[in-house]
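1. Here you go, sequence then predicted model.
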Amino acid sequence: MKLSTLTELNAERAARRPAIVVTDTASGEQRLVKAVEVAADPLHAELSKQLRMGKSASIEVDGKKLFLNVYAPTAKLVIVGAVHISQALAPLARSLDYDVTVVDPRTAFASPERFPDVPLIAEWPDVALPPLNIDHYTAFVALTHDPKIDDPALLHAFARDCFYIGALGSKKTHAKRGERLKAQGASDADIARIHAPIGLAIGAVSPSEIAVSIMAEITATLRLPKAAA
Amino acid sequence: MLNRDQDILQAAEDWQKAGHGVALATVVETWGSAPRPAGSSLVINDDGTFLGSVSGGCVEGAVVTEALDVIASGQPKLLEFGVADETAWQVGLSCGGTIRVYVEKVGA
């Protein structure tokens, strides 16, 4: 790989823009295709398919073996609520290579003693969330149980098209939440995007086990084909 | 913690700019139950220092050796590892899968 290609690739990755490196593994010929250039590329169909799946693959075009290496941005996890579950969830998500941020305006909860080594923002969602540049490569969980905090946070997550949105609460709590969010302009499709009750049903009881069920559900949403997720 | 591909590529750039010979090894194809998916990579410098992985640790040693050749020659190589290659390579994948690894010099 040319140093210029590598430098350009690292710049795209730092800016959280997807990119694909196309390599002819027989000749060594190589080029970088940025996400914005995919539509105009001769391999447009193949590139957009791999980009959508976030998966690298070898393909054959005109008798040439090409390797399409897809560089999707590092997934982020934004946790709203510096609660007990979050204390287990944050380190677990970091071990799975997520960039984790915890947001909670209640300073008694959002304390560095409770969350060592995790970026912590003790502000309301309307202040804390916009600078985080939440995007499609972000998983978003609302765990405070407090509508004053969770509701505006979820509205922000809808607007930013997060790949996973989850919220803590029983079916009954969630039904009420749906009504409140719709009154604030959310659509039925937005509400349907929320995973609630949050997490895969694995019989989780302790905060750590609930954290495992949440990360399992996020992983399934990220990795399984869309129809099965 | 696992090495992120992002850190790996940044290390490749940093090592190269610091004057090291650097090679990048990338899984380009897998068959069967391969330990790491296509796109997984390992970066190696001329000290033999490496970051990342292309398998569960089964073939990294052989890839590093090949990478040092690639750094010296500048010519990319396509390596294949699998059960059938155990005698040829003295290393194989215990999981029973097969992987193809593309090794290229950075700055070539």
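-> Arrived safely, thanks for sending. Numbers count the residues shown, from 1 in each chain, chains lettered A, B, ... in the order given.

2. Name the nearest residue to A:Ser213, sequence neighbours excluded.
-> Once flanking residues are discounted, A:Ser213 sits nearest to A:Gly199: 3.3 Å by C-beta to C-beta, 6 or more residues apart in numbering or on different chains. To be clear about C-beta, it is placed using only N, CA and C from the backbone, and glycine gets the same treatment.

3. Help me confirm that the one you found is found in a helix?
-> No - read with DSSP: H, G, I helix; E, B strand; the rest coil, A:Gly199 is coil and lies in no helix.

4. mind listing what the residue of chain B at minimum distance from chain A touches?
-> Relative to chain A, the nearest point of chain B is B:Gly39 (3.1 Å; C-beta to the nearest C-beta). In this structure, B:Gly39 makes contact with A:55-56, A:69-70, B:5, B:26-27, judged by C-beta atoms under 8 Å, 6 or more residues apart in numbering or on different chains.

5. Among those residues, find the lowest-pLDDT one for me.
-> Across the contacts of B:Gly39, the bottom pLDDT score, 60, is held by B:Asp5.

6. Do I have it right that the residue nearest to A:Ser213 meets A:Glu209?
-> No - when contacts are counted by C-beta atoms under 8 Å, A:Gly199 is not listed as touching A:Glu209 (9.1 Å).

7. Determine the number of other residues adjacent to A:Lys34.
-> A:Lys34 is flanked by 16 other residues according to other C-beta atoms under 10 Å in any protein chain shown.

8. hey, what's A:Leu32 bridged with?
-> Under DSSP bridges, the beta-bridge partners of A:Leu32 are A:Val21.

9. Could you list the single helix or strand in chain B with the lowest mean pLDDT?
-> Of all helical and strand segments in chain B, the minimum by mean pLDDT, DSSP states H and E falls on helix B:86-89, at a mean of 48.

10. one step back: quick one, which of the contacts of B:Gly39 are buried?
-> Among the contacts of B:Gly39, the ones that count as buried by 16 or more other C-beta atoms under 10 Å in any protein chain shown are A:56, A:69-70, B:5, B:26-27.

11. what's near enough to touch A:Ile20?
-> If a contact means C-beta under 8 Å, 6+ apart, then A:Ile20 has A:32-33, A:38, A:47, A:50-51, A:68-71 as its contacts.

12. does the residue nearest the centre of chain B count as helix, strand or coil?
-> A centroid search over chain B (C-alpha atoms, centre = their mean) returns B:Ala25, at 3.3 Å, as the residue closest to the centre. Using three-state DSSP, the secondary structure recorded for B:Ala25 is strand.

13. Spell out which residues sit in contact with it, please.
-> When contacts are counted by C-beta under 8 Å, 6+ apart, B:Ala25 touches B:41-44, B:54, B:63, B:66-67, B:101-104.

14. what does A:Ile218 give?
-> The contact partners of A:Ile218, by C-beta under 8 Å, 6+ apart, come to A:77, A:93, A:139, A:164, A:166.

15. and stretch A:220-227, which residues are buried?
-> Buried residues in stretch A:220-227, defined by neighbour count with 16+ other C-beta under 10 Å: A:221-222.

16. Buried ones in the longest strand along chain A, by neighbour count?
-> Among the elements of type strand in chain A, defined by DSSP state E, the one spanning the most residues is strand A:64-71. Judged by neighbour count (16+ other C-beta under 10 Å), strand A:64-71 contains these buried residues: A:65-71.

17. among the residues you listed, which are in reach of chain B?
-> Among the buried residues of strand A:64-71, the ones lying near chain B by C-beta under 8 Å from any C-beta of the partner chain are A:67, A:69-71.

18. Chain A: helices as residue ranges?
-> Counting by DSSP state H, residue ranges of the helices within chain A are A:3-14, A:44-53, A:84-95, A:125-128, A:147-159, A:171-183, A:188-193, A:207-223.

19. cool, and chain B?
-> With DSSP H as the criterion, chain B has helices at B:5-17, B:60-73, B:86-89.

20. correct me, but A:Met215 touches A:Leu89?
-> Yes - counting by C-beta under 8 Å, A:Leu89 is a contact partner of A:Met215 at 7.1 Å.

21. So those two - more neighbours on which side?
-> Set A:Met215 next to A:Leu89 and count neighbours by other C-beta under 10 Å: A:Leu89 wins out with 28 against 22.

22. Do you know the pLDDT at the spatially closest residue to that one that is not a sequence neighbour?
-> When the adjacent residues along the chain are set aside, A:Leu89 lies closest to A:Ala211, with 4.0 Å between them (C-beta to C-beta, 6+ apart). Note for A:Ala211: predicted pLDDT of 98.
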